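Colleague: When you get a sec, could you give me coordinates for this:
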Amino acid sequence: ELLAEMAVAASISAAHMAMPNHWLHFALAGRAQHWSLPKTLFLTAAGALGHLAATFVIAIGLALLGRALLSETVFRVVSAVALVAFGGYYLVQHCRGAAEHRHGECCGGGEAAGQGRGV
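Modeller: You can find the predicted model right below:
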């Protein structure tokens, strides 16, 4: 059972990591700033480690809190429902286009959005 859970977690992690919104901004920033490939890869890895560490700390904290407050059965149900609810929310946001960020709409575009500057 543990091996199956680990395989599922690894599969989800690999799919999660492959999503462009997790690495594309590093690639684009590296290109715009004329970073070397090693620098771009280093900063991407540093961002990934930060993301992993923050997610791990939050998950452990919530798991400990949940186990302290709930029975094992209720904890498993609440965990599963929360995971599906968050995933569903983000899927709906993506399909509605609400997850897109356009500088021209929120910052006035042009110079205010960082365009045309060497930043």
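Colleague: Look up how far Met6 lies from the residue nearest the centre of the chain.
Modeller: Geometric centre of the chain, nearest residue: His22, 6.1 Å, by Cα atoms, centre = their mean. For His22, the distance to Met6 (Cβ to Cβ, to the nearest Å) stands at 21 Å. Every residue, glycine included, has its C-beta placed from N, CA and C.
Colleague: returning to what we had before: now do the contacts for the residue nearest to the centre of the chain.
Modeller: His16, Ala48, His51 (Cβ atoms under 8 Å, 6 or more residues apart in numbering).
Colleague: what residues are up against the last one?
Modeller: Applying Cβ under 8 Å, 6+ apart to His51 gives the contacts His22.
Colleague: go again using 6 Å as the cut-off
Modeller: Applying Cβ atoms under 6 Å, 6 or more residues apart in numbering to His51 gives no contacts.
Colleague: Also Phe75?
Modeller: Gly66, Arg67.
Colleague: Pull out the buried residues from the particular helix or strand that has it in it.
Modeller: Using DSSP states H and E, Phe75 sits in helix 72-96. Judged by neighbour count (16 or more other Cβ atoms under 10 Å), helix 72-96 contains these buried residues: Phe75.
Colleague: With stretch 37-46 instead?
Modeller: For stretch 37-46, using 16+ other Cβ under 10 Å, the buried residues are Thr40, Thr44.
Colleague: how about the contacts of His22 in a markdown table, adding distance to Lys39, pLDDT and secondary structure?
Modeller: A markdown table is the format used below for the contacts of His22 (distance: Cβ to Cβ, whole Å; pLDDT from 0 to 100; DSSP: H, G, I helix; E, B strand; the rest coil):
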| residue | distance to Lys39 | pLDDT | secondary structure |
| --- | --- | --- | --- |
| His16 | 24 | 81 | helix |
| Ala48 | 15 | 88 | helix |
| His51 | 19 | 88 | helix |
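Colleague: Done for today, thanks.
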